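In: Kindly generate the corresponding structure for this input.
(2 chains)
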Amino acid sequence: MTDPTPWLVLVLCIMATFVWRALGVGLATRIDPNGVLFQWFNCVAYAMLAGLITRILVFPVGTLAHSETVDRVAAMVIGFVIFFLTRRNVFTGTIAAFLLFLGLAYLRHSGRL
Amino acid sequence: MVIESPPQNWSKTNTTAFFAGIAAAITMPFWMVIGAMIGFGSLVHAAGLELGIGVASTLGIWGLPGQVAMVELFVLGAPLLAIITTSSMANVRFLPMVIVMMPLFRGDPRAKRWRYLMAQIVSINIWSVTMSRCPDMPLQQRFPFFMGVSVICLLGGAIGTSAGFFLAGNMPAYVTLSLVFLNPAYFVFVFSSVRARNCIIAVIFGAMTGPVLHLLLPNWGVPLTGVLAGSVAFFTDRLWTRNREAAHD
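Out: Numbering: from 1, shown residues only, chains lettered A, B, ... in the order given. This next block holds a predicted model:
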């Protein structure tokens, strides 16, 4: 039989996350999209997402915490070089970073690094 | 002259825009979601939870940091209230994201009717595609485009979580690791491609502040980064504009 506890926790977590989403809907209708407050929220959204992504790469939790910081940083640096060399192409930058990270992770896995 | 489109053209616009959304999602975001959720699926497996919990939390919470927080704290046996607040705090970003996205759909009655559904199914992947593509589209195409992107990303979430769950233990750890690395790496380049000056400043300040504040206040680091770095970016941008206008006078 399925243990009901994780399902209960999950439903409560979904509801607790939906609160932010619903609050966003409620505020969106009250904020003038051409106004100053909207511009502030725009900056907050971008800063928050950029902060989150760097946090994930610099101080990862979960699966990514099992990788080496130097591997993640090296992959991102090379990714950036490729990104700018290919005139800011998101695809080539991402693939370059991914392949380098994969290579480094493989070398560590096989004990050659 | 503006010609009122007959209903047939409306439905054609809907279908075309919906498929444009599907196409936009399949080029990159779909695969990024699969990669990220493979990592989550294997985490769910390692935690000893069932697949249904994994897929339901992907589709229901629909924000990886909150999902990871829930699974990890649940396995540790943390108190219920701690699990819920930590998971919810990890996804505070949906508040400003929804505020910024919704005006793109203003005036479309379908978007008004389904606004809470839209807020529920938006994710960082869907949001960044919507924010970059929809401003250049006629209003009536935006809603079906958004839905097309969302359907594919949700599908990718379910596929990725299931794949990660079943492949856990069978896939070399370094492959899982690299797939989890894929999504944050992708977003670094997505956010490095923003064009508006205030967004560029916000991204730079946010990226510098995020890790530092996380060390000081693990649960509040990301929301605080948004408010602090976002405010600094906001005022820097305004000051910049004012100085330029002053220089012109």
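In: list the buried ones in the helix or strand where A:Ile56 lies?
Out: Take DSSP states H and E as the rule and A:Ile56 turns out to sit in helix A:36-58. Buried positions in helix A:36-58, judged by neighbour count with 16 or more other CB atoms under 10 Å in any protein chain shown: A:38-58. No exception for glycine: its C-beta is placed from N, CA and C like everyone else's.
In: go on, stretch B:64-78?
Out: B:64-74, B:78.
In: Please work out how many residues are found near the closest residue to B:Arg110 other than its chain neighbours.
Out: Nearest residue to B:Arg110 in three dimensions, chain neighbours excluded: B:Phe143, at 5.1 Å (CB to CB, 6 or more residues apart in numbering or on different chains). By the other CB atoms under 10 Å in any protein chain shown criterion, the neighbourhood of B:Phe143 contains 25 residues.
In: B:Lys112 is in contact with B:Phe143, correct?
Out: No. At 9.8 Å, B:Phe143 does not count as touching B:Lys112 under the criterion of CB atoms under 8 Å.
In: Find the residues that touch each one of those two.
Out: Taking CB atoms under 8 Å, 6 or more residues apart in numbering or on different chains as the contact rule, B:Phe143 and B:Lys112 both touch B:Phe105.
In: If you count neighbours, what's buried in the longest helix seen in chain A?
Out: Longest among the helix segments of chain A by residue count, using DSSP state H, is helix A:4-28. The neighbour-count check on helix A:4-28 (16+ other CB under 10 Å) flags A:6, A:9-10, A:12-14, A:16-18, A:20-25, A:27-28 as buried.
In: Return the residues in contact with the residue lying closest to A:Ala97 once chain neighbours are set aside.
Out: Excluding the flanking residues, the one nearest A:Ala97 by CB to CB, 6+ apart is A:Gly79, at 2.9 Å. By CB under 8 Å, 6+ apart, the residues touching A:Gly79 are A:93-94, A:96-98, A:100, B:185, B:188-189.
In: B:Met147 now?
Out: Here B:Met147 is in contact with B:18, B:21 (CB under 8 Å, 6+ apart).
In: That one in helix, strand or coil?
Out: For B:Met147, the secondary-structure state derived from DSSP: H, G, I helix; E, B strand; the rest coil is helix.
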